[in-house]
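Visitor: Output the structure for:
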Amino acid sequence: MDLPVIIDDDSLNRLARSILEAAGLSPARAGLVSDSLVSASLRGVDSHGVHLLPHYVSQIRKGNIDPATDGRVISESGSCMLYDGEHGLGQCVSQACCGHAVRLARGHGTGLVITRNSNHFGAAAFWAQRISAEGMAGIVMCNASPSVPPWQGREGRIGTNPLCVSVPSTGSGGWLLDMATTTVALNKIVKAAANGEPRIPAGWATDSEGVPTTDPQVALRGLLMPLGGYKGSGLGLMIEVLCAVMSGGAMSTEVGGLHNLDRPMNTSQSFLAIDVARFVPLQEFQSRMERLIRTIKSAKPAPGYHEVMVAGDPEWRSEASRRENGVPVDGVVWERLKALARESGVEVPDPRK
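Guide: Below is the predicted model:
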């Protein structure tokens, strides 16, 4: 496996933005997409970081993504909105939907926007945090290509279908839950296979016959395992209902994959904003959250652990470290980014020494 290359986050962002502009995006759209990818890389969520950039460019070149649209409103009724992404960039569609969700919540207490015909939007946390930055609780969900078997099945029918919840906090940190409804996200296995890693942890995936495997190459031809067995399968299907069924969009096997150039993704997403001030003053909510987190962390660590953490802690720490020390980019991924930059006529930044 190639050693990672260390890149300053600003340089990495400029590289991604320049590649996207060369692919036909406006500077504003390219900046939004690059911000979302570099944000994930900074937070240590490398499966949703800059390694996705070549796949985005391939989808744009194939015509599966329209880089010039933000989508359109289909209907608005009270606190509810149905949105059509019109095959735009997932980040551009999501930015519009988050804005509508916050606006609706300010007027009604809650705002729910469900979109169809969208695309990969990066890490769900990027969007839930957009909502929580406005003093709202943000809940974001998305369906995905059918890489997961239903409980007791051996054929893919459900996606990794992420769920993210972010709440307003004071300063950096706080509580941020961002999870797939599988044991891991598909891109973690793609990344392991691309890096030539010989093994992935047990419980991540099965082969094409539904038999558990630790071989990343076999796993790519097989299926992801749902989180917690039938519970993860149920959560994945719940998100399918709240995104795809309710939006009138593509469901289950109708959804395309980011790595499949044969058709658009047609993914569906849900963005829920909850105005916490309708229930308790914002500062009181934040104070109570801090007290709750302190209470949780006051538990004695189990054997083998030196502290109790809550959702979001590893990512905050990774971001602080990587901003100071640079972002490690896998050698294989870096070579692909360099090749993409050169064919796009984009200057490649020098790694940190």
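Visitor: going forward, measure contacts and count neighbours with C-alpha atoms only.
Guide: OK.
Visitor: Give me the residues contacting the lowest-mean-pLDDT helix or strand in the chain.
Guide: Least confident element among the helices and strands of the chain, by mean pLDDT, DSSP states H and E: helix 186-194 (a mean of 79). Identification of contacts with helix 186-194 by CA atoms under 8 Å, 6 or more residues apart in numbering yields D46, S47, H48, S147, T160, I200, P216, Q217, A219, L220, L224, V332.
Visitor: JSON lines for those residues, including neighbour count and secondary structure?
Guide: Formatted as JSON lines, the contacts of helix 186-194 follow (neighbours: other CA atoms under 10 Å; DSSP: H, G, I helix; E, B strand; the rest coil):
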{"residue": "D46", "neighbour count": "23", "secondary structure": "helix"}
{"residue": "S47", "neighbour count": "22", "secondary structure": "helix"}
{"residue": "H48", "neighbour count": "26", "secondary structure": "helix"}
{"residue": "S147", "neighbour count": "26", "secondary structure": "coil"}
{"residue": "T160", "neighbour count": "29", "secondary structure": "coil"}
{"residue": "I200", "neighbour count": "18", "secondary structure": "coil"}
{"residue": "P216", "neighbour count": "27", "secondary structure": "helix"}
{"residue": "Q217", "neighbour count": "20", "secondary structure": "helix"}
{"residue": "A219", "neighbour count": "24", "secondary structure": "helix"}
{"residue": "L220", "neighbour count": "20", "secondary structure": "helix"}
{"residue": "L224", "neighbour count": "29", "secondary structure": "strand"}
{"residue": "V332", "neighbour count": "18", "secondary structure": "helix"}
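Visitor: and of the residues you listed, the nearest to R317?
Guide: For these, the residue nearest R317 by CA to CA is D46; the value is 14.3 Å.
Visitor: Skipping its backbone neighbours, what lies nearest that closest one in space?
Guide: A40 (6.3 Å; CA to CA, 6 or more residues apart in numbering).
Visitor: and the one you found, which of the three is it?
Guide: helix (DSSP: H, G, I helix; E, B strand; the rest coil).
Visitor: List the residues that contact it.
Guide: Under the criterion of CA under 8 Å, 6+ apart, the neighbours of A40 are D46, H48, G49, V50, G122, A123, F126.
Visitor: 7 Å instead?
Guide: Taking CA atoms under 7 Å, 6 or more residues apart in numbering, we find A40 in contact with D46, H48, G49, A123.
Visitor: what do you get for P201?
Guide: For P201, the residues meeting the contact criterion (CA under 7 Å, 6+ apart) are T214.
Visitor: pLDDT weak spots in the chain?
Guide: Residues of the chain meeting the criterion pLDDT under 70: 1-2, 172, 353.
Visitor: All the helices of it, in order from the start?
Guide: With helices called from DSSP state H, the chain shows them at 9-22, 27-42, 53-62, 90-108, 124-132, 186-194, 216-220, 230-240, 246-247, 282-297, 313-325, 331-343.
Visitor: Spatially nearest residue to the one residue sitting closest to the centre of the chain (excluding sequence neighbours)?
Guide: The centre of the chain sits closest to A123, judged by CA atoms, centre = their mean, with a distance of 1.8 Å. In space, and not counting its chain neighbours, A123 is closest to H48: 5.7 Å by CA to CA, 6+ apart.
Visitor: pretty sure that neighbour contacts G122?
Guide: Yes: the criterion here is CA atoms under 7 Å, and H48 meets it with G122 at 5.6 Å.
Visitor: what do the two both touch?
Guide: Shared contacts of H48 and G122 (CA under 7 Å, 6+ apart): L37.
Visitor: Which stretch among the helices of the chain is buried most, on average?
Guide: helix 124-132 (a mean of 25; mean count of other CA atoms under 10 Å).
Visitor: Switch the helices of the chain over to JSON lines; also include distance to G171.
Guide: Compiled in JSON lines, those are given as follows (distance: least, CA to CA, whole Å):
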{"stretch": "helix 9-22", "distance to G171": "21"}
{"stretch": "helix 27-42", "distance to G171": "17"}
{"stretch": "helix 53-62", "distance to G171": "30"}
{"stretch": "helix 90-108", "distance to G171": "20"}
{"stretch": "helix 124-132", "distance to G171": "12"}
{"stretch": "helix 186-194", "distance to G171": "30"}
{"stretch": "helix 216-220", "distance to G171": "39"}
{"stretch": "helix 230-240", "distance to G171": "30"}
{"stretch": "helix 246-247", "distance to G171": "35"}
{"stretch": "helix 282-297", "distance to G171": "10"}
{"stretch": "helix 313-325", "distance to G171": "12"}
{"stretch": "helix 331-343", "distance to G171": "33"}
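Visitor: so which of these gets nearest V167?
Guide: helix 124-132 (5.1 Å).
Visitor: Compute the first-to-last residue distance for stretch 46-64.
Guide: End-to-end distance of stretch 46-64: 24 Å, with CA to CA, to the nearest Å as the criterion.
Visitor: quick revisit: extract the C-alpha trace of the least confident helix or strand of the chain and format it as PDB.
Guide: What follows is helix 186-194, C-alpha atoms only, in PDB (Å, rounded to 0.1, in the frame of the first residue of the first chain):
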ATOM      1  CA  LEU A 186     -19.500   1.400   0.600                       C
ATOM      2  CA  ASN A 187     -16.700   3.900  -0.100                       C
ATOM      3  CA  LYS A 188     -14.600   2.500   2.700                       C
ATOM      4  CA  ILE A 189     -14.500  -0.800   0.900                       C
ATOM      5  CA  VAL A 190     -13.800   0.900  -2.400                       C
ATOM      6  CA  LYS A 191     -11.000   2.800  -0.800                       C
ATOM      7  CA  ALA A 192      -9.500  -0.400   0.800                       C
ATOM      8  CA  ALA A 193      -9.600  -2.200  -2.600                       C
ATOM      9  CA  ALA A 194      -8.100   0.800  -4.400                       C
END
